[in-house]
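Enquirer: Fold the following, please.
(2 chains)
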Amino acid sequence: MSDPLLSYEDALAAYEPVLGLEVHVELNTESKMFCGCSAEFGAAPNTHTCPVCLGLPGSMPAINGKAVESAIRMGLALNCSIAEWCRMSRKNYFYPDMPKDYQTSQYDEPIAYDGYLDIELSDGEVFRVEIERAHMEEDAGKLTHMGGATGRLHGADYSLIDYNRAGVPLIEIVTKPILGAGERAPEIARTYVEAIRDLMRALGVSDVRMNEGSLRCDANVSLKPWGRERLGTRTETKNINSFRSIESAVRYEIQRQAAVLSGGGTIQQCTRNWLEHIGETSFGRSKEEAEDYRYFPEPDLVPIAPSREWVEELRATLPENPGLRRNRLQEVWSFSDAEMRDVVNADALDLVEATVAAGCAAPAARKWWTAELSRRANEAGIGLDEVGVTPVQVAAVQALVEAGTINDKLARQVFDGVIAGEGEPAEVVTRRGLAVVSDDGALGDAVQKAIAANPDVADKIRAGRVQAAGALIGAVMKEMRGQADAGRVREIILEQLS
Amino acid sequence: MDITRSTAADLAASIAAGEVSSVEVTRAHLDRIGAVDDKVHAFLSVDEDGALAQAAAVDARIAAGEQVGPLAGVPLALKDVLTQRGVPTTAGSRILEGWRPPYDATVTRRLLEAGVVILGKTNMDEFAMGSSTENSAYGPTYNPWDLSRVPGGSGGGSAAALAAFEAPLAIGTDTGGSIRQPAAFTGTVGVKPTYGGVSRYGQIALASSLDQPGPCARTVLDTALLHEVIGGHDPKDQTSLAAPVPAVVEAARHGDVKGLRIGVVRELGGEGYAPEAEANFHATVERLASLGAEVVEVSCPNFEYALAAYYLILPSEASSNLARFDAMRYGLRVGDDGTRSTEQVMALSREAGFGAEVKRRIIIGTYALSAGYRDAYYGSAQKVRTLVQQDFTAAFAKADVLVSPTTPTAAFGIGERLDDPMAMYLNDLCTIPTNLAGNSAASFPSGLTSDGLPLGFHVMAPHLADDRLYLVGAALERSLQDSWGGPLLDRVADLTAPATTATEVAR
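Expert: Below you'll find the predicted structure:
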């Protein structure tokens, strides 16, 4: 039961889209927000729990100073003001994934507020996104609904709860309404979240993996007729699980809302759920169903009052702005815009930089990471940094190629070996016997065999058509199972037929 | 020596000197509980095996020549609102029946580390909501002075255990008077330390910004010794103060009020106060003056609004603190027959598991925090709280301690105020301002009514000046005992005597 859509062009002709983005970043602190339990992802269910994160009667939270530090650094990197005094608040609602049936969060006193982030769009233009606030909160547990048709709590046969995630520190970054995006609204939404990802990674405060939920985005979209001041009614799309989906979901909501409005209808304030498999949003909860969270200051914690000295110390630890860093590296490496985009899109910036630092030429580093290794990561459905080859190993492989020990084709087999755990590149070459043969005796025999098998080709070469040598080289390489120095083979062929 | 009539200080000295073993002392108290608790019902559970094992461990340490703490080997009654690993902890509620916590409250841990022997868990109003212990889901506790009367609440079980000689030490928690009012009703000593002076970690929260665990005993010195054991900073409770425990034991031993300025709070008296209670209060002030204290009158005009503010702040915080009792992880679960939704099971369990007073306060608190009402109710109450704090600050500029009756009346009859929540709430008129401001306060026995019921004298001290309470308490205790020829509790009813009027009370 798909909703009717207006074409994107018609939608934009009639209405101006306004965005509001809420990004949740799960911090990579060792311990949880309010207890000493490990915050690591992926452990056996309910093994990272204690009386505090299970909300047992009598237990009390103790705030993780490292999480506050990360929040302040994030706030500073987002050009925010840092509160001199703020409190945690309780957001009250009943749900089985909330051990205390309230979430300890921040309400009207966020740790960071009034900032901005400049993002670079594909056409090179810089767009400024204003940040309303960044606040600290704790994550909920993870529910898995078993049986039932919808995969939701209602209608499930039973549900399993994993409280490992309960109490993992989160930062929620909320933008001010983003105006002036126009037809680029979907791109701006995606680029903004990618920029947040890059910034968090540069800060080292989060793993920022959308597929593991350590980076999540809710997209608010509303439309208003061009020229009108007042904002339209918005919808909030949830469950967006990839960067591509952010773009698709915003685009979809623009087209869907435009169809409703142009048909004389009104938009109902509600949440929508992004359905990845069909590329559509579906109705979630209406505003009337929205809970009254009965916020009040968390009486189990004392106010947070970061000293100005501390804030300035943290400001001094901020890394280079990712955008500026990209521009700097592009210049140092002499990459074209397209080459640089390949590196960034492949998530290979850090890896290429580390590979170059290990002694590899920049173009070669780029080639290995964005082609060969990216392909492997994509096939395995894992991150490029999880592919099983380190920047130092890539540099070592390239050094072997440049020394003539192996060629590009053999290098792929060396990567196979490294990934399979057979050791460092040089060891893999030895163990697998992959070194290129440049011994004239062995090559000479293979060349003679190839000439004997291809007399017409040999005649052409003797007649001066040197370019025909390619066919003989191919035959020799086949005979040598690829492990021959192609340049030397060519020389031997020409010597023998001269 | 009569073990169950001894002070904790004397028992500890005898145990340390090897004159009596902790096991003997513990056994004597367990026997006393066995003999009288079906009349008093101070305990919800008695951990006989655990207590004897703890006692034997202390005896072994002493036999091995180890140095032990000043209360090692002495038995104690723990209010059932504090967790003890593996021991049933109910907070007086049906919803937690059978729950055995997997961890010790910080107070519990400190007691056990000090070698204090925990006899069992004491009765209380459900989730500490009440002033009579009649709101316990497990039946009321009876006042040892007159079994037809309440022992006060919410910590009626702890206070009654002391007055019935079932334990020489007890732990209470005080959110609006739950340590002090039962102390007044039972002729015992109860101290609410400065907020943050004793860790709340492991105390099942009623109202986090008001709750404070504290020591209860029959003498001022015993109370101070216990205060020192449980007090001090705890990193698990970030609202606990990073300050040393005030010199309470020294003050309790010193007990001199010469030159101490005692401020009589004008607003805590008059209409609504029983004439006998007022007369006793003024006589007690006179007594302190005769001991060298300087008496001044102070005014705290905003105390008038304290009760109203308290009954908005407390339910607001309680409505959130009690949300976790949702049948999902522990405690009572009702209606989970495979046909009902999660929300229905949550609602049915809370309907069945909570008593009327708990529901009343959850509803009030939910309302006071809801959108559109929050500023008018919760917000205004917080402003009153600030005004009450300012009243204290101004008063403490004129006086070193403030004093009032602990309660407007002596213990009332069981069932007498159950249908009138306002009459019940008025019990805490004198004690509530201290919880709103976070300073320290205590109740000390100050005499008997003509009916032979105890009355309490209420002393309030500034933040972290808890030692002043003990200074006043010890001076008063010494002077009164000289007048009476012994402790007030020597006059409590003999619970083991056959056929008194007390046994007519139906159980």
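Enquirer: Sort out which residues of stretch A:320-334 are buried, please.
Expert: A:321-323, A:326, A:329-330, A:333 (16 or more other CB atoms under 10 Å in any protein chain shown). (Each C-beta comes from the backbone N, C-alpha and C, glycine too.)
Enquirer: Also stretch A:228-247?
Expert: Buried residues in stretch A:228-247, defined by neighbour count with 16+ other CB under 10 Å: A:232, A:234-240, A:242-243, A:245-247.
Enquirer: Give the burial count for A:G65, as a bare number.
Expert: Using other CB atoms under 10 Å in any protein chain shown, A:G65 is surrounded by 10 other residues.
Enquirer: Sorry, wrong one. I was asking about B:L387.
Expert: A total of 17 residues lie near B:L387 under the criterion other CB under 10 Å.
Enquirer: so who does the closest residue to it other than its chain neighbours touch?
Expert: Nearest non-adjacent residue to B:L387, counting by CB to CB, 6 or more residues apart in numbering or on different chains: B:N302, 4.1 Å away. By CB atoms under 8 Å, 6 or more residues apart in numbering or on different chains, the contact set of B:N302 is B:384, B:387-388, B:390-391.
Enquirer: now do 10 Å
Expert: By CB atoms under 10 Å, 6 or more residues apart in numbering or on different chains, the residues touching B:N302 are B:267, B:309, B:384-392, B:433, B:436.
Enquirer: how about the residues of the stretch 51-200 of chain A near chain B?
Expert: Contact residues (CB under 10 Å from any CB of the partner chain) of the stretch 51-200 of chain A with chain B: A:51-52, A:54-63, A:90-102, A:153-159, A:161, A:163.
Enquirer: Kindly reformat the buried residues of stretch A:320-334 as TSV containing distance to chain B.
Expert: Output for the buried residues of stretch A:320-334, formatted as TSV (distance: CB to the nearest CB, whole Å):
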residue	distance to chain B
A:N321	35
A:P322	35
A:G323	39
A:R326	41
A:L329	44
A:Q330	47
A:W333	49
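Enquirer: Okay, now the unreliable bits of the stretch 51-200 of chain B?
Expert: For the stretch 51-200 of chain B, no stretch is flagged by pLDDT under 70.
Enquirer: any chance you could map the strands in chain B?
Expert: In chain B, the segments counted as strands under DSSP state E are B:43-46, B:75-79, B:117-122, B:169-173, B:189-192, B:213-217, B:261-265, B:294-298, B:401-405, B:440-448, B:454-461.
Enquirer: Tabulate those strands in JSON lines, adding columns for mean neighbour count and distance to B:A283.
Expert: Shown next, in JSON lines, are the strands of chain B (neighbours: other CB atoms under 10 Å in any protein chain shown; distance: least, CB to CB, whole Å):
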{"stretch": "strand B:43-46", "mean neighbour count": "22", "distance to B:A283": "35"}
{"stretch": "strand B:75-79", "mean neighbour count": "31", "distance to B:A283": "31"}
{"stretch": "strand B:117-122", "mean neighbour count": "29", "distance to B:A283": "32"}
{"stretch": "strand B:169-173", "mean neighbour count": "30", "distance to B:A283": "27"}
{"stretch": "strand B:189-192", "mean neighbour count": "32", "distance to B:A283": "19"}
{"stretch": "strand B:213-217", "mean neighbour count": "30", "distance to B:A283": "24"}
{"stretch": "strand B:261-265", "mean neighbour count": "20", "distance to B:A283": "13"}
{"stretch": "strand B:294-298", "mean neighbour count": "15", "distance to B:A283": "13"}
{"stretch": "strand B:401-405", "mean neighbour count": "26", "distance to B:A283": "11"}
{"stretch": "strand B:440-448", "mean neighbour count": "28", "distance to B:A283": "7"}
{"stretch": "strand B:454-461", "mean neighbour count": "28", "distance to B:A283": "10"}
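Enquirer: Residue of the stretch 1-150 of chain A nearest chain B, please.
Expert: Of all residues in the stretch 1-150 of chain A, A:D101 sits closest to chain B, at 3.5 Å by CB to the nearest CB.
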